[in-house]
Each structure stands twice: as C-alpha cells, then as structure tokens.
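whatever this is, show me its structure:
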Amino acid sequence: MAGSNGKQKSARSMVLSLGVIGIAALVVYFLAIPHDNHAPDVKRVDYRVELLTARRAASYPVAAPEGLPEAWKATSVRFQGADSDRWHLGFETPDGQYVQVEQSRQKRADFIDRASQGGSATKRTERIDGRTWTHYTGGRYDALVLQDTPGSTTVVAGTGSFGELTTMAAALKMG
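Prediction:
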C-alpha cells in the first residue's frame, strides 16, 4: 500500500503541473498575442501616372473612373503592354467590397473568364451611361462586360454588388 500513495501523489502533481502550464499558456495567448479580427486597412494608391502611360501605349481607349465618391479607394493598378495591353484598376468600395476594371486585347471569351474568375453570361443586359453591358454571374466575381468594343474587352468585376459594379461602369471614361 505504501507504493500506491506515492503513485497518487506523483499523478496528482503531474495533473496540477499540467493545469498550471495550461493557465500560463492561456494567459500568453490572450495577453501577448495580438488578436485583431478586422481586415487590415488597405493603402490607397495613386493611379494617375499608370493611367497616362496606359492611355499612350494601349491600342484601345483605356477606361478609368471619374467622379467616384472619395469613399471608393483605389488599391491596385497595373498596365501590362506585353500581355495583350492588359489594364487593371482595383478599388475597395465604401462597404469593404472589391471592384476592378479590366481591359485587354486578349481573346474575348478567355479574358472575360479570367477577369470574372469563371463567370457566365446571363440574358440580362443593362444600359449604363449610354453603353450596353451584359451581366455575368457564377464565377468568383460577378461582372459587367461592355458590348460592342472591337479590338478590346472591358470588364467591371468583383465581390461588390451589381449596384456597385454599375456605379463603377457609370463613372468610366474612355481615354
């Protein structure tokens, strides 16, 4: 019986030690490790220089918004002349969604698939600022695709609502 008392004490000591270690780990987890549950603030970019460059180099009229509210934040811009004159301009919407303007000389169907990330045309079209746009859904992004643009394709796509996509499409000026 004498041996069993020693085993009980060592088992009890081990359980207490594990408990103390567990409490210490929780304290470190909650106090020492930052827990920021909101998305990081995305930096606003100035796209004017890239826009001027793209408008000089592209073989089509390059689109960029004019008159968007200040709450729309430009977050990414690039022009890839070697990649089918590909123009990209990305924005964070006022409610934290993403909307991009994409243009290219690339084969239309391939480019739309890439810009909408797998979207398919619906039967719905919409006149926005005198231009006809086709709705695309089903991909990672919903999209509006501008009709009747020989030599290039213009896509407004993103996680934003169709209302936000429409706001962007209405603000686009071709230059």
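
before we move on, which element is Phe79 in?
strand 73-80 (DSSP states H and E).

which parts of that strand are buried?
Neighbour-count burial for strand 73-80, counted by 16 or more other C-beta atoms under 10 Å, picks out Lys73, Ala74, Thr75, Val77, Phe79. All C-beta spots, glycine's among them, are computed from the backbone N, C-alpha and C.

surely Arg105 meets Val62?
No. Counting by C-beta atoms under 8 Å, Arg105 sits too far from Val62 to count as a contact (11.6 Å).

looking at those two, which is more packed in?
Ranked by neighbour count (other C-beta atoms under 10 Å), Arg105 and Val62 place Val62 first, with 26 against 16.

helices of this structure, residue ranges please.
For the chain, the helices defined by DSSP state H occupy 2-32, 48-57, 108-116, 162-171.

quick one: average pLDDT of the second one?
Per-region confidence: helix 48-57 scores 97 on mean pLDDT.

by contact count, what packs against it?
If contacts are counted by 3 or more C-beta pairs under 8 Å, 6 or more residues apart in numbering; DSSP states H and E, helix 48-57 sits against strand 73-80.

who's the nearest residue to Asp148 once chain neighbours are set aside bridged to?
Spatial nearest neighbour of Asp148, chain neighbours left out: Thr132 (6.9 Å); criterion: C-beta to C-beta, 6 or more residues apart in numbering. Per DSSP bridges, residues listed as beta-bridge partners of Thr132: Arg127.

now do the one 10 residues further on
As for beta bridges, Asp142 partners with Gly158 under DSSP bridges.

next one: the one residue sitting closest to the centre of the chain, what pLDDT does it get?
Most central in the chain under C-alpha atoms, centre = their mean is Tyr98, positioned 4.4 Å from the mean C-alpha point. Note on Tyr98: pLDDT of 98.

need the contact list for it.
Shown in contact with Tyr98 (C-beta atoms under 8 Å, 6 or more residues apart in numbering): Thr75, Gly90, Phe91, Glu92, Gly158, Thr159, Gly160.

so the third one makes contact with Met168?
Yes. Under the criterion of C-beta under 8 Å, Phe91 makes contact with Met168 at 7.1 Å.

overlap of the contact sets of those two?
Each of Pro65, Leu68, Trp72, Val99 lies in contact with both Phe91 and Met168 under the rule C-beta under 8 Å, 6+ apart.
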